[in-house]
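Peer 1: output the structure for:
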Amino acid sequence: MTPLKLVILAILIYIGYRLLVGIGRKKTGNRQSEEKSSPQVSDLLVEDPVCHTLVPQGQAVRLQHENQIYYFCSETCCSRFISEKGANT
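Peer 2: The predicted structure is shown next:
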């Protein structure tokens, strides 16, 4: 074999190696990036006991009554609950 053929063969082997290694990295890299990019649960939905609307817990109006916490979609529903149940804050 001539030196030129050996150089070309070495380059082709190197390219093939890089392709195989790159494919392996992409497979593992995609799983890691999917896990990182998947949305995390940051807020739970809670049900308003008055109108039964689902509200994110972080945005809900809170009321503690008889050692239990109630979540409401609005101040209106909270006021209605207080008037119906006679709840004290």
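Peer 1: SS state for Tyr70?
Peer 2: strand (DSSP: H, G, I helix; E, B strand; the rest coil).
Peer 1: residue contacts, it?
Peer 2: By Cβ atoms under 8 Å, 6 or more residues apart in numbering, the contact list for Tyr70 reads 49, 62-64, 78, 81. Every C-beta, even on glycine, is put in place using the N, C-alpha and C of the backbone.
Peer 1: looking at this, Ser42 is in a strand?
Peer 2: No - counting by three-state DSSP, Ser42 is not part of a strand but coil.
Peer 1: okay, now the closest residue to it other than its chain neighbours: neighbour count?
Peer 2: Nearest non-adjacent residue to Ser42, counting by Cβ to Cβ, 6 or more residues apart in numbering: Gly58, 7.9 Å away. For Gly58, the neighbour count with other Cβ atoms under 10 Å is 10.
Peer 1: what's the answer for Val21, then?
Peer 2: Count around Val21 with other Cβ under 10 Å applied: 10.
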